[in-house]
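J.: no sequence on this one, just coordinates:
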């Protein structure tokens, strides 16, 4: 497990605020919260069958982060024979935090930012848990 990291794969969700929440949360985790334990891969590369993307998701435990119930990220990890170990759907997190009303696709409003922080904390905790189990 020495060089392995948890691969966090956010959905594309272009033009959708909940997709943006998932992407923002992913980048908070891989850049600030757990850079030594996590990384990401472009969902489009995975979908296109890019060799490096496929190798990454097959060799490492993956968390799918989907903005909506369509679960494009999860489905693409599975279709690529990736090692999916956890899945987060932002709409489920939003249901538990109904007071937040995320808006924005290029830049989130304050409530969207708060929701992204909640998702990022969950991702961070899951990454630690996954790596502990895989030792």
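T.: Nice, I can see it. No experiment lies behind these values; they were computed from the predicted model shown.
J.: and the helix or strand containing residue 114, which residues are buried?
T.: Secondary structure from DSSP states H and E places residue 114 in helix 110-133. For helix 110-133, a neighbour-count test (16 or more other C-beta atoms under 10 Å) marks 111-116, 118-120, 122-124, 126-127, 130-131 as buried. Where C-beta positions appear, they are placed from N, C-alpha and C, glycine not excepted.
J.: likewise stretch 59-68?
T.: For stretch 59-68, the neighbour count (16+ other C-beta under 10 Å) marks 60, 61, 62, 63, 64, 65, 66, 67, 68 as buried.
J.: Ok, stretch 20-35 next?
T.: 20-30, 33-34.
J.: In helices only, show me the residues you listed.
T.: Residues of these located in helices (DSSP state H): 20, 21, 22, 23, 24, 25, 26, 27, 28.
J.: Would you tell me which one of those residues comes nearest to residue 76?
T.: Set against residue 76, the nearest of those by C-beta to C-beta is residue 22 (13.8 Å).
J.: Just to check, that closest one is in contact with residue 13?
T.: Yes. Contact status for residue 22 versus residue 13: in contact at 6.4 Å, counting by C-beta atoms under 8 Å.
J.: quick one on the thing from earlier: can I get the ones in helices among the buried residues of stretch 20-35 in JSON lines including distance to residue 95 and pLDDT?
T.: Output for these, formatted as JSON lines (distance: C-beta to C-beta, whole Å; pLDDT from 0 to 100):
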{"residue": "20", "distance to residue 95": "18", "pLDDT": "95"}
{"residue": "21", "distance to residue 95": "13", "pLDDT": "97"}
{"residue": "22", "distance to residue 95": "15", "pLDDT": "96"}
{"residue": "23", "distance to residue 95": "20", "pLDDT": "95"}
{"residue": "24", "distance to residue 95": "19", "pLDDT": "96"}
{"residue": "25", "distance to residue 95": "16", "pLDDT": "97"}
{"residue": "26", "distance to residue 95": "20", "pLDDT": "97"}
{"residue": "27", "distance to residue 95": "23", "pLDDT": "97"}
{"residue": "28", "distance to residue 95": "21", "pLDDT": "98"}
